[in-house]
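1. Build me a structure from this.
(one chain, ligands or ions: 2)
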Amino acid sequence: MNHHAVEIIDYTWKYLHGTGEAVSGLNLTVEAGECIGLIGSNGSGKTTLVNSIDGLIPGQYHGIKTGEVRVFGTEVEEYKRGELQREVGLVFSDPEAQFTAMTVEDELVFGMENLGLSLKEIQVRLDWACELADLGSMLEKPPYEISGGQKQRVALAAVLAMQPKLLILDEPTAMLDPISRARVFDVLARLRKERDITMILIEHTLEHIIPLVDRMVLLGEGKVLHQAPTREFFDDLTLLREQGVLPPSVVGFSGWLRESGRVDGPSALSIEEAADQARQARGGE
Ligand SMILES: Nc1ncnc2c1ncn2[C@@H]1O[C@H](COP(=O)(O)OP(=O)(O)OP(=O)(O)O)[C@@H](O)[C@H]1O
Ligand SMILES: [Mg+2]
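-> Ligands and ions are numbered 1, 2, ... in the order given. The predicted structure is shown next:
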């Protein structure tokens, strides 16, 4: 049977010591192979939502849950121990916290060994993940000899080598400098081209996720406030601004051209498209 990758139905979560509901009557569906950008201001419930999908909630946290969180057709609480972790890979912000082995190679191999893969399969996946994440000469290095950006690419490669069906990234580049950040997004872009993976990406810098995602979902106070295919999502910027989510300058500029009646049509998403709209606004050249 063909299941949704994620199906969340009337889901509410209240942390035991939380003041209100962190996620409140939320409904969301993610199809297999889809890539979703999850955005919203601090405290809007993004991390709570993804941790409810990857099994940390209610596993690692205490609280009150109502509604359903289904991943590949099965409610997360009904997965047998360890089974959900085979399906869902998680990368979060802190590169230090994710690096557990003494060398890059061990870090990459560890998870695959736990899956019980053959040596041959491990080698094939190791080569693939190293190539994809551009880890070339790093394999023998200990963690203290590589940078935060490199560590984060190793963490990502280690997760990808396990070939999860669903990849969740919770602000994977929040602690990286702009160049390291761009390199992580390059890896994700290549991944999308090569593999039919389902992805949920939380990221505050919208310009990085726009080229990558099929659909954007805006959370506010634990609810889905707005969701639409990426370009359509930016038709109206009012709600985004109200939620304190800053559209990328290209989108903001295009919004200004459209709101002031200088051009019609959908939002520009790239510099080239915005330049076209600017030309149009001046009466074409
Ligand atoms: N362990 C916890 N115990 C109690 N309340 C929590 C806990 N973790 C988060 N919360 C609360 O739940 C709500 C949602 O928080 P969450 O971390 O999911 O938001 P977020 O959208 O990921 O924010 P950010 O952009 O800052 O990462 C907030 O009100 C937060 O204070
Ligand atoms: Mg968060």
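2. measure residue 56 to residue 170 for me?
-> 11 Å (CB to CB, to the nearest Å). Using the backbone N, CA and C atoms, a C-beta is placed for each residue, glycine as well.
3. The two: which has the busier surroundings?
-> residue 170 (20 against 15; other CB atoms under 10 Å).
4. so that one bridges to which residues?
-> residue 202 (DSSP bridges).
5. For the chain, what lies in contact range of ligand 2?
-> 46-47 (CB under 5 Å from the ion).
6. most centrally placed residue in the chain?
-> For the chain, the residue nearest the mean C-alpha position is residue 201 (1.2 Å; CA atoms, centre = their mean).
7. Name the residues that touch the helix or strand residue 272 falls within?
-> For residue 272, the enclosing helix or strand under DSSP states H and E is helix 271-281. The contact list for helix 271-281 (CB atoms under 8 Å, 6 or more residues apart in numbering) reads 250, 253-254, 257-258, 262-263, 268, 285.
8. so for stretch 105-120, what's the average pLDDT?
-> Per-residue pLDDT over stretch 105-120 has a mean of 93.
9. helix, strand or coil for the residue nearest to residue 217 when sequence neighbours are not counted?
-> Nearest residue to residue 217, sequence neighbours excluded (CB to CB, 6 or more residues apart in numbering): residue 227, at 4.4 Å. Using DSSP: H, G, I helix; E, B strand; the rest coil, the structure places residue 227 in strand.
10. would you list every one of the helices in the chain?
-> Per DSSP state H, the chain carries helices over the ranges 46-53, 56-59, 83-87, 95-98, 104-114, 119-133, 148-161, 178-194, 206-209, 230-233, 238-242, 249-259, 271-281.
11. For the stretch 1-150 of the chain, which residue gets nearest to ligand 2?
-> residue 47 (3.1 Å; CB to the ion).
12. That residue against residue 200, yeah?
-> No. Using CB atoms under 8 Å, residue 47 makes no contact with residue 200, being 11.4 Å away.
13. Of these two, give the one with the bigger neighbour count.
-> residue 200 (27 against 19).
14. Next, work out how far apart the more buried one and residue 174 are.
-> Residue 200 sits 16 Å away from residue 174, taking CB to CB as the criterion.
15. cool, and residue 71?
-> From residue 71 to residue 174 the distance is 25 Å (CB to CB).
16. Settle it for me: which of these two has more neighbours?
-> residue 71 (26 against 15).
17. Can you give me the pLDDT of the more buried one?
-> 97.
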